[in-house]
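Asker: generate coordinates for the sequence data below:
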Amino acid sequence: MRIFNAIDKSELRPLRDCIECLQNGKRSHSNEISGSDLDGNEYAAFWLDLVISDIDNFEPYDDDSQEPSVSLSSSMTHDDVVDVVLTISEQDYEGKLCYTHLAYVDKAGKHPLNYK
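Answerer: Numbering: from 1, shown residues only. Here you go, the predicted structure:
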């Protein structure tokens with residue numbers, strides 16, 4: 001969970017039903033929230049102080065491995081794509097982590113991120 005301060009920009013006022021995130025700096029805000037690789041990420045925006053007043057704003061996880069991109073000596077084949085998808089599928093724990101987090105939130109109560 002990330003907490004940001006909203007700003008009022010007149011040029012953004014015509015936009016509706018969207019969240020406009022800062023793109024400058026080391027990481028964009030959308031990247032800080034969930035990696036945001038435009039693969040269908042969903043966000044929720046709350047501005048009610050009651051919802052966010054007791055939440056600590058933790059630093060975003062730094063998942064950048066700093067490893068250089070691998071250059072290919074040939075074009076990707078269908079089998080290469082299948083191998084990548086299968087590898088990701090075998091290593092995908094996101095669903096398990098999401099359900100574990102939800103169970104923890106249910107058990108912990110009102111503000112599970114406050115370890116006070």
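Asker: what's the weakest-modelled helix or strand in the chain?
Answerer: Lowest by mean pLDDT, DSSP states H and E among the helices and strands of the chain is helix 29-34, with a mean of 70.
Asker: which element, helix or strand, includes residue 106?
Answerer: Residue 106 is located in helix 94-108, with elements delineated by DSSP states H and E.
Asker: can you name the next helix or strand after the least confident helix or strand of the chain?
Answerer: Next helix or strand after helix 29-34 toward the C-terminus (DSSP H and E): helix 49-52.
Asker: so what touches that following helix?
Answerer: Contacts of helix 49-52 from elsewhere in the structure, counted by CB atoms under 8 Å, 6 or more residues apart in numbering, are 3, 46. For glycine as for every other residue, the C-beta is placed from the backbone atoms N, C-alpha and C.
Asker: how about that helix as PDB, C-alpha atoms only?
Answerer: The C-alpha atoms that make up helix 49-52 are tabulated as PDB, following Å, rounded to 0.1, in the frame of the first residue of the first chain:
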ATOM      1  CA  ASP A  49      -8.800  10.300   6.300                       C
ATOM      2  CA  LEU A  50     -10.500   7.600   8.400                       C
ATOM      3  CA  VAL A  51      -9.300   5.000   5.900                       C
ATOM      4  CA  ILE A  52      -5.700   6.100   5.600                       C
END
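Asker: that helix: what's the following helix or strand?
Answerer: Toward the C-terminal end, the helix or strand that comes next after helix 49-52 (DSSP H and E) is helix 78-91.
Asker: just list what that following helix packs against, helices and strands only.
Answerer: Here helix 78-91 is seen to pack against no other helix or strand when contacts are counted using 3 or more CB pairs under 8 Å, 6 or more residues apart in numbering; DSSP states H and E.
Asker: now that helix: average pLDDT?
Answerer: Mean pLDDT, computed over helix 78-91, is 81.
Asker: ditto for stretch 7-18
Answerer: Within the predicted structure, the mean pLDDT of stretch 7-18 is 84.
Asker: before we move on, what about stretch 104-116?
Answerer: Stretch 104-116 carries an average pLDDT of 64.
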